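Colleague: structure of the sequence below:
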Amino acid sequence: MLKADTTTGIAAASLVDLDQDGSRSLGLPDDAFAQRKPVRGQITKSEVRAVSLYALGLRPDSIVWDIGAGTGSVAVESARIAYRGHVYAVDKDADSANLLENNVARYGDGRVTIVIGAAPPALRELPDPDSVFIGGGGNAMPGIIAEVVARLRPGGRIVANFAAMERANSTYRAMKKASLAPQMTMVAASRGRELPDETLRLEAMNPVFVVWGQK
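Modeller: Numbering: from 1, shown residues only. So this is what the prediction gives:
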């Protein structure tokens, strides 16, 4: 069940749908998340999600921003690690907000707040973060990076994902200019697909560039 503040556009999720033993584990499959159909997207695939979560350097009490949250896959898995902290899932796409709300309600464990609005303005009322994941930003990326660098707590990390090398490079340079000692990794994974004769082939996924830095 979601409780929404229609004035601020912020909704907080309640605790629902725990595993049978009351525990939560990492590693939700992509199909666990409600996604836009027939066009499936706006989700950080599980292989890339694993690398990005590692790079975020999350702690149990971390305050996390997920900018361009899409379906909320990074937000809800971050909430499982930051179980004494809180995650803010920010996305400007109001038309697809119901997908994000559904996933947060099911998996967010009451530690994910949804913020519908464009960054960087939507970030200005949030508490200062320890970790920031950027899954989308487009032309607003320079302003988002500037806002995040100014607000990030000492020792905090920024992680950004890109499908285009050019945008990854420009963000890498922006992080370097901000003295964040950036690193970049390309995640190029393939998934096994069974053929009719029960043999397997590998189906390549689109590569994703993961750029991160630490304040």
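Colleague: using CSV, write out every CA atom in the biggest helix by length in the chain.
Modeller: If you go by DSSP state H, the chain has its longest helix at helix 165-177. Extracted in CSV, the C-alpha atoms of helix 165-177 (Å, rounded to 0.1, in the frame of the first residue of the first chain):
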residue,chain,number,x,y,z
MET,A,165,30.5,5.6,-24.6
GLU,A,166,30.4,9.4,-25.3
ARG,A,167,28.2,10.1,-22.3
ALA,A,168,30.3,7.8,-20.1
ASN,A,169,33.4,9.7,-21.1
SER,A,170,31.9,13.1,-20.4
THR,A,171,30.8,12.0,-17.0
TYR,A,172,34.2,10.4,-16.2
ARG,A,173,35.8,13.8,-17.1
ALA,A,174,33.3,15.7,-14.9
MET,A,175,34.0,13.4,-12.0
LYS,A,176,37.8,13.8,-12.5
LYS,A,177,37.4,17.6,-12.6
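Colleague: list the buried residues for the next helix or strand after that helix?
Modeller: For helix 165-177, the following helix or strand on the C-terminal side (DSSP states H and E) is strand 183-187. Judged by neighbour count using 16 or more other CB atoms under 10 Å, the buried positions of strand 183-187 are Met184, Val187. Placement of C-beta: from N, CA and C, glycine included.
Colleague: going forward, count from 22.
Modeller: Let's use 22 as the start, then, which means that last one is strand 204-208.
Colleague: CA atoms of strand 204-208 as CSV?
Modeller: C-alpha atoms of strand 204-208 as CSV (Å, rounded to 0.1, in the frame of the first residue of the first chain):
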residue,chain,number,x,y,z
GLN,A,204,36.9,4.6,-12.5
MET,A,205,35.1,3.0,-15.5
THR,A,206,34.1,-0.6,-16.2
MET,A,207,32.3,-2.0,-19.2
VAL,A,208,29.9,-4.8,-18.4
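Colleague: what are the pairing partners of that strand, and which direction each?
Modeller: Strand 204-208 has the following strand partners under DSSP bridges: strand 229-235 (antiparallel).
Colleague: contacts for the strand it pairs with next, please.
Modeller: For strand 229-235, contacts defined as CB atoms under 8 Å, 6 or more residues apart in numbering pick out 66, 69, 72-73, 76-78, 176-186, 189, 192-193, 196-197, 199, 201-208.
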